[in-house]
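**Student:** Sequence and computational prediction follow.
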2 protein chains.
Amino acid sequence: MSLRIALLGLLAAKGPASGYDLAKLFEGSLNHVWQAGHTQIYPELVRMAADGLLAVEAEGARGRKIYTIADEGSRQLHDWLADREPAVTVRSETALQAFLLPILDTDEAIAAVERVKARAQKRLDDLKCLPPVADNPKFGKYALRLGLAQTRATIEWADETLHALRTK
Amino acid sequence: MSLRIALLGLLAAKGPASGYDLAKLFEGSLNHVWQAGHTQIYPELVRMAADGLLAVEAEGARGRKIYTIADEGSRQLHDWLADREPAVTVRSETALQAFLLPILDTDEAIAAVERVKARAQKRLDDLKCLPPVADNPKFGKYALRLGLAQTRATIEWADETLHALRTK
DNA sequence: GAGCGCATGTAAGCTGTTACATGATTCT
DNA sequence: AGAATCATGTAACAGCTTACATGCGCTC
């Protein structure tokens, strides 16, 4: 379901696009928020068109199809954004490692937390140089700030945890 | 894979337990870190026993099986914790809503962010009264702090975003 | 015309969810 | 005795990943 919303959102932000375009856009903009590869995107677009959420605007060389958002698609996108209570299924390997940290002895635990910190640092850097979505700086702005805030929180947790591990 | 680790970790923390015990423990402790219901846990335990990660210590009334962690299980748990670079597949409906916020007009957007904030607030409260895992306060301590830090970051983001939306 | 990147797709397999099924104990 | 809840499971389906397949268009 959320994959549909993500695709509708990208089409709303960028206008008509092919599956390939959307897959690229996905990677460059939504990646820190939702993930999907082309193998998931292509068939989903077909289903969405069959369900009347998208229209095929044009068909070009080598089967390239340009999709546009249809009225029903806009409607569902808007309704989801305005009404949906977001589901909160957390599945974080990082948090799982944090949970089980006491199983390791101190120096192994320190190494593990250092790894978490390094990753978060890298992510922070990546987020800082994300390009705007379809030259439309509004889109993604709030999600970017949310990502930054949460990543900074992770780094602070790592520092605090390293300190606790080292002074015990 | 991570489900196995979570189950191994709980068995390491708590000692011998049945599938039902583990499902309850999961819900009460790991829920903010990883999710799994009994329909996923029961068959996984059977497979883990078949793979030699667990041993069936006893079989009681109505098919109740008590699992213990086997040496191979301990080994795999330790190796995963010590070596595994945690995968970072983010799939957050909240972040997706944040991403697409500009599609809504201002008052709808404000309402959506208010909802996010209320949920985060509730989660914060829930986290604060989590019981210790199997009377073992070490386990889950670090993950709890990580959850708190990230949830607080979300609340701060919501406040900042509400302010931005209201003064424009 | 050979090689490389572009662009689209299919298929098998794994993970996770929802719905259903069933017998055992405990409570009233 | 009947109802609730404990405890274990199965089956169908939805969502996602990995691996494979293929053909077009451009460049050298």
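**Tutor:** Yes, it's here.
**Student:** Got the confidence number for whichever residue of chain A sits closest to DNA strand C?
**Tutor:** Going by CB to the nearest atom of the strand, DNA strand C is nearest to A:Y20 of chain A, at 2.1 Å. Just so you know, the C-beta spots here come from the backbone N, C-alpha and C atoms, and that holds for glycine as well. Confidence at A:Y20, expressed as pLDDT, is 96.
**Student:** mind checking which helix or strand the closest residue to A:I155 other than its chain neighbours is in?
**Tutor:** Closest residue in space to A:I155, ignoring its immediate chain neighbours: A:A120 at 4.9 Å, by CB to CB, 6 or more residues apart in numbering or on different chains. Of the helices and strands defined by DSSP states H and E, A:A120 is found in helix A:106-128.
**Student:** Outside of that helix itself, list whatever touches it.
**Tutor:** For helix A:106-128, the surrounding residues in contact (CB atoms under 8 Å, 6 or more residues apart in numbering or on different chains) are A:32, A:94, A:97-98, A:101-102, A:104, A:144, A:147-148, A:151-152, A:154-155, A:158-159, A:161-162, A:165-166, A:168, B:81-82, B:85-86, B:88.
**Student:** And for A:Q150, the neighbour number?
**Tutor:** 23 (other CB atoms under 10 Å in any protein chain shown).
**Student:** tell me the pLDDT at it?
**Tutor:** On the pLDDT scale, A:Q150 gets 98.
**Student:** For chain A, name the helix or strand with the lowest mean pLDDT.
**Tutor:** Using mean pLDDT, DSSP states H and E, strand A:54-59 stands out as the lowest-scoring helix or strand of chain A, at a mean of 88.
**Student:** returning to that earlier point: could you give the separation of the helix holding A:A120 from the chain centroid?
**Tutor:** Centre-to-centre, helix A:106-128 and its host chain are 20 Å apart (CA atoms, centre = their mean, to the nearest Å).
**Student:** Which positions in stretch A:55-66 come out as buried?
**Tutor:** A:65-66 (16 or more other CB atoms under 10 Å in any protein chain shown).
**Student:** ok, now which ones touch A:T89?
**Tutor:** A:T89 neighbours (CB under 8 Å, 6+ apart): B:35, B:91.
**Student:** can you give me phi and psi for it?
**Tutor:** Main-chain dihedrals, A:T89, degrees, to the nearest 10: phi -90, psi 110.
**Student:** distance of it from B:A95?
**Tutor:** 13 Å (CB to CB, to the nearest Å).
**Student:** Spatially nearest residue to the residue nearest to the spatial centre of chain A (excluding sequence neighbours)?
**Tutor:** Centroid-nearest residue in chain A: A:V33, 2.0 Å away (criterion: CA atoms, centre = their mean). Distance criterion CB to CB, 6+ apart; nearest residue to A:V33, sequence neighbours excluded, is B:A95 at 4.1 Å.
**Student:** doesn't that neighbour fall inside a helix?
**Tutor:** Yes - under DSSP: H, G, I helix; E, B strand; the rest coil, B:A95 sits within a helix.
**Student:** residues from chain A in reach of DNA strand C?
**Tutor:** A:18-21, A:23, A:38-39, A:42-43, A:45-46, A:62-65, A:89, A:91 (CB under 7 Å from any atom of the strand).
**Student:** what about burial for those residues, which qualify?
**Tutor:** Looks like the residues of chain A next to DNA strand C have A:18-19, A:21, A:23, A:45, A:65, A:91 buried, using 16+ other CB under 10 Å.
**Student:** Helices - which of those residues land there?
**Tutor:** A:19, A:21, A:23, A:45 (DSSP state H).
**Student:** Now do the contacts for the nearest residue to the last one once chain neighbours are set aside.
**Tutor:** Closest residue to A:L45 in three dimensions, ignoring its sequence neighbours and counting by CB to CB, 6+ apart: A:G19, at 5.4 Å. A:G19 sits next to A:38, A:41-42, A:45, A:65, A:67 when contact means CB under 8 Å, 6+ apart.
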